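Asker: Test case, fold it:
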Amino acid sequence: MQLLSNQVKSYMDCSSWIRRMFEAGIELKKKYGEDAVCDFSLGNPDLPPPSGVCQGLREIAEEAGAPFAFGYMPNFGYPAVREALAKHVSVEQGVSVTPDCLVLTCGAAGALNTFLRAVIEPGDELLCPAPYFVEYGFYVENHGGKLKSVPAKAGTFDLDVAALEAAITEHTRVLLINSPNNPTGIIYPESTLRELSAMLTRKNEGRRRPIFLLADEPYRFLAFDGAVVPSVLPLYPYSVVVSSFSKNLSLPGVRIGYALVNPAMPNRAELVGGIILANRILGFVNAPALGQKLLLKVMEQQVDASIYGRRREAMAKVLDEAGYKYPRPRGAFYFFPEAPGGDDVAFVNALVEERVLAVPGKGFGCEGHFRLAFCVGEDVIKRSADGFKRARDKFGK
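Answerer: Below you'll find the predicted structure:
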């Protein structure tokens, strides 16, 4: 007798390559020891949270004895947190944001799901460039929609606006972008985003429902070489930003994020209200109380991003010396090199034989490449050099 739905069973049969490689790493570490395996599979930040997190937790512990210290609050989150967050994102996004544009969520994933639940009808399409974070497909299918991907420009991975425009149909409801990008590390330039926004404005003419531009930005804080991450909010009225504090505060397990509806969106209160309702009916109810209280104390802090910068240089040196081709990441903590020989799954398996863990591009809708997460110590990166060379040599120069 079948216990699972056909959909979930199919998901399990082709489960996330990221998790698959992460779990393979656990077995390798058991067999050979932690120091014998170089694990670049999972984007799990290893830096300790800022020092203010410890102090904030102590203060919260002292307040924990009060009545309703961790009780229910409005589904959009604590008003004081939303007010502080509005000031924070106003600076970050370069537009004036008020608290009524924001909903606190259970991480960026919660923000994505609540937004999609609020706007997706069965049969609607979510359009996004490939490569993309694999969970996007699961999220939109949660609500009866379907992911439709369009390859980014070869070599640069910049958005192919003309191809995206050609892919839009009457069923297109959301166009999702992720910048800085997971898995490529690309930051979409403002000129590209202006072109994209102008295209969406044209495509909206005569439509009963607008196409939303959804920007997933958990890596906004991590841009290298003075790069600037442009905001979509001043460019397109039907834009929504989702993000979290998982990466910049090294708090992925705390599950605190938000959805930000463009202040310039016509009738924005209706969309915010829909996201708030979805927050409740999807079972999140509200973002975790502990995470919200902590965020209020440490919102303006972040981890030392220069550490990631040094790791990027170390990873580039290893790959360059071994002869790999890749676009230099301008943000986030990922490299997305070409797979020698062209078969990304076969090459990743060759890396496993060298006790180096990566994720095939197939897992991101982009075969022929593989992803490396450099949120690991520099010692791990340097130790991987011989393994990368040997795997590369197996496939010829």
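
Asker: For this structure, which residues score under the pLDDT cut-off?
Answerer: In the predicted model, the chain carries pLDDT under 70 at residues 12-16, 396-397.

Asker: Which helix runs longest in it?
Answerer: What stands out as the longest helix in the chain, according to DSSP state H, is helix 305-322.

Asker: measure the most centrally placed residue in the chain to residue 111 for me?
Answerer: Closest to where the C-alpha atoms of the chain average out (C-alpha atoms, centre = their mean) is residue 218, at 5.5 Å. As judged by C-beta to C-beta, to the nearest Å, residue 218 and residue 111 stand 10 Å apart. Every C-beta, even on glycine, is put in place using the N, C-alpha and C of the backbone.

Asker: Doesn't residue 127 lie inside a strand?
Answerer: Yes: under DSSP: H, G, I helix; E, B strand; the rest coil, residue 127 falls within a strand.

Asker: which ones are touching the residue nearest to the centre of the chain?
Answerer: 108, 243, 244, 246, 247, 248, 257 (C-beta atoms under 8 Å, 6 or more residues apart in numbering).

Asker: how does this protein divide into domains?
Answerer: 6-49+305-394, 66-298 (automatic domain parsing).

Asker: Output these in CSV, with distance to residue 57 appended to each entry.
Answerer: Putting the domains of the chain into CSV (distance: least, C-beta to C-beta, whole Å) gives the following:
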stretch, distance to residue 57
domain 6-49+305-394, 10
domain 66-298, 7
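
Asker: Select, out of those, the one closest to residue 59.
Answerer: Residue 59 lies closest to domain 66-298 among the domains of the chain, at 6.7 Å (C-beta to C-beta).

Asker: Secondary structure class of residue 327, three-state.
Answerer: Residue 327 carries the three-state label coil when classified by three-state DSSP.

Asker: Tell me who's in contact with it.
Answerer: So residue 327 contacts 155, 156, 157, 184, 185, 186, 336 (C-beta under 8 Å, 6+ apart).

Asker: Roughly how far does it sit from residue 336?
Answerer: On the measure of C-beta to C-beta, residue 327 and residue 336 end up 7 Å apart.

Asker: who touches both of these two?
Answerer: Counting by C-beta under 8 Å, 6+ apart, the residues touching both residue 327 and residue 336 are 157, 184, 185.

Asker: which of those residues has the most neighbours?
Answerer: The member of these surrounded by the most neighbours (other C-beta atoms under 10 Å) is residue 184, with 30 neighbours in all.

Asker: circling back: who does the longest helix of the chain touch, helix- and strand-wise?
Answerer: Contacts defined by 3 or more C-beta pairs under 8 Å, 6 or more residues apart in numbering; DSSP states H and E place helix 305-322 against strand 334-335, helix 378-383, helix 385-394.

Asker: Sheet-wise, list the partners of the first one with their directions.
Answerer: In other words, strand 334-335. Strand pairing for strand 334-335, determined by DSSP bridges: strand 370-373 (antiparallel).

Asker: can I get the CA coordinates of the strand it pairs with in PDB?
Answerer: In PDB, the C-alpha atoms belonging to strand 370-373 read as follows (Å, rounded to 0.1, in the frame of the first residue of the first chain):
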ATOM      1  CA  PHE A 370      29.100  22.000 -10.600                       C
ATOM      2  CA  ARG A 371      28.600  24.100  -7.400                       C
ATOM      3  CA  LEU A 372      31.100  24.700  -4.700                       C
ATOM      4  CA  ALA A 373      30.100  26.400  -1.400                       C
END
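
Asker: and the two most separated of the contacts of residue 327?
Answerer: Farthest-apart pair in the contacts of residue 327 is 155 and 185; separation 13.9 Å (C-beta to C-beta).

Asker: what's near enough to touch the closest residue in space to residue 356 that isn't next to it in sequence?
Answerer: Spatial nearest neighbour of residue 356, excluding adjacent residues (C-beta to C-beta, 6 or more residues apart in numbering): residue 387 at 4.2 Å. Neighbouring residues of residue 387 by C-beta under 8 Å, 6+ apart: 38, 351, 354, 355, 356.
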